[in-house]
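J.: Sequence plus the predicted model coming up.
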Amino acid sequence: MLTNHDDIKAWLDRMNIKNYTIDQAGTVTVDGNVDISNKQLTEIPVQFGSVSGDFYCYSNSLTTLEGSPHKVGGDFHCPHNDLTTLEGSPHKVSGDFNCSHNSLETLEGSPHEVGGDFYCYYNSLKSLNGSPREVSGVFNCLWNSLTTLDGSPHKVGGDFYCSGNSFKTSPKSDSIINGQLIWE
């Protein structure tokens, strides 16, 4: 993790990140979007505090989300990485959260609240433990290794997609689902 202000500034400039401030502790706040996708990153080398827009870090080789912003005003997308955990992900995402196409076995470390849709399809999830408490839009956990929906969000504002898992019978969920539970 970069701590020297000059090194942080140089990295942000190389990544073409604009409208940022760096506080004394080296935490970066961005007024706008951050797109560090397709950069062959194995880690996020700076600590982001908040990003008012979208934060994209997909299609890298990230093994951790340490350094991710604590709060994202738009969408947060980290699919197509080498993640086995969501530890370090934002606490709050106002838009969509997409962590599909990784190697996640659990959702521990995911945001507490997601203001849009939550996508965790095509992982190796064996459990939904650690899911956000509330997802305002769709919850999509298609094509994992789930046998139960235990640990799912308390409230889902849209449809709950869980087809392509290992359910032997119709799955039961304690979630309040405003849409439909789609499992076949």
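T.: Yep, it's here. Numbers count the residues shown, from 1 in each chain.

J.: and residue 133, how many residues sit next to it?
T.: As a burial measure, residue 133 scores 12 neighbours (other CB atoms under 10 Å). Every residue, glycine included, has its C-beta placed from N, CA and C.

J.: Return the distance of the nearest residue to it once chain neighbours are set aside relative to residue 87.
T.: In space, and not counting its chain neighbours, residue 133 is closest to residue 154: 5.1 Å by CB to CB, 6 or more residues apart in numbering. In this view, residue 154 and residue 87 are 21 Å apart by CB to CB, to the nearest Å.

J.: where exactly do the helices run in the protein?
T.: Applying DSSP state H to the chain gives helices spanning 5-14.

J.: Could you pull up the residues touching the residue lying closest to residue 147 once chain neighbours are set aside?
T.: For residue 147, ignoring the flanking residues on the chain, the nearest one in space by CB to CB, 6+ apart is residue 166 at 5.0 Å. Residues near residue 166 by CB atoms under 8 Å, 6 or more residues apart in numbering: 145, 146, 147.

J.: from what I can see the second one touches residue 162, true?
T.: Yes - using CB atoms under 8 Å, residue 146 makes contact with residue 162 at a distance of 6.7 Å.

J.: Common neighbours of the two, please.
T.: Once CB under 8 Å, 6+ apart is applied, the residues that residue 146 and residue 162 both contact turn out to be residue 171.

J.: Just give me the neighbour total for residue 29.
T.: Applying other CB under 10 Å, we find 16 other residues in the vicinity of residue 29.

J.: neighbours of residue 161, just the number please.
T.: 21.

J.: What distance do you get for it to residue 182?
T.: With the distance defined as CB to CB, residue 161 ends up 5 Å from residue 182.

J.: Also residue 131?
T.: To residue 182, residue 131 is 17 Å away according to CB to CB.

J.: Who has more neighbours out of those two?
T.: Using other CB under 10 Å, the more surrounded residue of residue 131 and residue 182 is residue 131, with 28 against 14.

J.: Show the low-confidence segments of this protein, by residue range.
T.: Screening the chain residue by residue with the criterion pLDDT under 70, one finds no matching range.

J.: one more time with 80
T.: Of all residues in the chain, those with pLDDT under 80 make up the ranges 184.
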